[in-house]
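Student: Below is the structure, and that's it, no one-letter string:
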């Protein structure tokens, strides 16, 4: 009887660890996707500048607003 309870606990613990691992891996995936998108945007923006194109930034610093 004790081994059956112990095996149930191990299965529950393994399931709990798997769920936690899935959550962590999904969070890493989401962050990686966002980072890749931002890097691609930066690469595109600086690529336009190096080819002589104009680059219009949408955000302005306080010093540039004058």
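Tutor: The structure has been received and is ready for your questions. All figures in this text were calculated on a predicted structure; none of them were measured in a lab.
Student: all helices of the chain, in order?
Tutor: Along the chain, counting by DSSP state H, helices occupy 2-50.
Student: which residues of it score low on pLDDT?
Tutor: Low-confidence segments of the chain, defined by pLDDT under 70: 1-5, 51-66.
Student: again, 50 this time
Tutor: 1, 66 (pLDDT under 50).
Student: Quick check: the gap between residue 39 and residue 50.
Tutor: 16 Å (C-beta to C-beta, to the nearest Å). From N, CA and C alone the C-beta is placed, and that goes for glycine too.
Student: ugh, typo on my part, it should be residue 19
Tutor: 47 Å.
Student: quick one, which of these two is more surrounded?
Tutor: Set side by side, residue 19 and residue 50 show more neighbours around residue 19, with 10 against 7, by other C-beta atoms under 10 Å.
Student: Distance check, the more buried one against residue 25.
Tutor: According to C-beta to C-beta, residue 19 and residue 25 sit 11 Å apart.
Student: now do residue 6
Tutor: For residue 6 relative to residue 25 (C-beta to C-beta), the value is 28 Å.
Student: What of residue 41?
Tutor: From residue 41 across to residue 25, the span is 25 Å (C-beta to C-beta).
Student: next one: residue 49
Tutor: In terms of C-beta to C-beta, residue 49 sits 36 Å off from residue 25.
Student: what's the answer for residue 43, then?
Tutor: With distances taken as C-beta to C-beta, residue 43 is found 26 Å from residue 25.
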